[in-house]
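Enquirer: I'll drop the sequence and a predicted model, then ask my questions.
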Amino acid sequence: MFSKHKTLGEFIIENQTEFRYSTGELSKLINAIRLAAKVVNHEVNKAGLVDILGTAGDTNIQGENQQKLDVLANEKFIQTLKNREIVCGIASEEEDDFISINSQDENHQNKYVVLIDPLDGSSNIDVNVSVGTIFSVYRRVTPVGTPVTLEDFLQPGKNQVAAGYIIYGTSTMLVYTTGHGVNGFTLNPAIGTFYLSHPNMQFPETGKIYSVNEGNYIHFPQGVKDYIKYCQKEEGDRPYTSRYIGSLVSDFHRNMIKGGIYLYPKSSKAQKGKLRLLYECNPMAFLAEQANGKASDGFKRIMEIQPTELHERVPFFCGSKKMVERAEEFMSDS
């Protein structure tokens, strides 16, 4: 079924000229992510057969219990990006601070930093539910050849040069953008090659799915409560269908294909929201906007927010454009 499709490698080569800075470095970076994704996919598919299920016994910088696969995925992506010597810095959701990469070449000209959530939704691993990896790429702002600083990572999402995710589900897909639309590639596990299976992915203008953890309803702002009631009301094309997996990559992927909205608002339990701006919201917002969708914090565009810390959290409303706009109206009215 894949023989008629381009491979990810062929697609990258054919579209190199679309990159603003066409030096081949960004192409190598995407290829490194592709390689790490295949390794992590192999480990995810072994879950249950070897001892990689459950918690690792540690907590990350956010105070969340680390799963064994969190640790493994984090190590694999960092190791692969380091070994290829194509980035000057990495920030991971699983690391307290950013990692500065000093190339063995004293005159290295590496220009890119990568921010990554190595295994989003990893608590779902134990119950065999889809999980994913989210990545975001920026051009550094400090001088090339010098060690990276926090300034290189604290950039607004509008500065991203690439972003994407890998979803490890019934099939493994790598979906990414470099600012020229969104394309999805499915892994053929028999030969270990990603093929272009979902060209030019687009959010429908509107949809019939809303994705939110309604167990937190009592803690939500009034605007979110009102929007949920609106989604449930029998009127016109409503009620909408409630679908919430608890894995951002999976919920986003489904909504992009079928049409829908994902909400993770702030609450009385999480005053700033729960999702991380740099590792989750910015890359997903970039993908959404490139796929005719929209992403905001309920009031303003996610990619306009100026980060102030590496692990900053924000509320997140993302999906089909008209649905996000309607949710924003409820937030403003409240």
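Expert: Okay, I see it. Numbers count the residues shown, from 1 in each chain.

Enquirer: what's whichever strand or helix holds Ala73 packed up against?
Expert: Element membership for Ala73 (DSSP states H and E) is helix 68-84. If contacts are counted by 3 or more C-beta pairs under 8 Å, 6 or more residues apart in numbering; DSSP states H and E, helix 68-84 sits against helix 25-44, strand 55-59, strand 89-92, strand 112-120, strand 131-139. In this view, the C-beta of every residue, glycine as well, is placed from N, C-alpha and C.

Enquirer: try 10 Å this time
Expert: Judged by 3 or more C-beta pairs under 10 Å, 6 or more residues apart in numbering; DSSP states H and E, the packing partners of helix 68-84 are helix 25-44, strand 55-59, strand 89-92, strand 99-100, strand 112-120, strand 131-139, strand 160-168.

Enquirer: now the shortest one: mean pLDDT?
Expert: This predicted structure assigns strand 99-100 an average pLDDT of 94.

Enquirer: what's the angle between whichever strand or helix holds Pro283 and strand 131-139?
Expert: Pro283 belongs to helix 282-290 when elements are defined using DSSP H and E. In terms of direction (axes from the mean of the first three to the mean of the last three C-alpha atoms, to 10 degrees), helix 282-290 departs from strand 131-139 by 80 degrees.

Enquirer: just how off-centre is helix 282-290 within its chain?
Expert: In terms of C-alpha atoms, centre = their mean, to the nearest Å, the centre of helix 282-290 is found 8 Å from the chain centre.

Enquirer: pull out the buried positions in it.
Expert: Residues of helix 282-290 classed as buried: Asn282, Pro283, Met284, Ala285, Phe286, Leu287, Ala288, Glu289, Gln290 (neighbour count, 16 or more other C-beta atoms under 10 Å).

Enquirer: which residue ranges make up the domains of the chain?
Expert: Under automatic domain parsing, the residue ranges defining each domain of the chain are 8-198, 209-333.

Enquirer: on that earlier part again, residues of the helix holding Ala73 that come out buried?
Expert: For helix 68-84, by 16+ other C-beta under 10 Å, it's 68-78, 80-81, 84.

Enquirer: if we only consider those residues, which is nearest to Asn159?
Expert: Proximity of the buried residues of helix 68-84 to Asn159 (C-beta to C-beta) peaks at Leu81, which lies at 19.3 Å.
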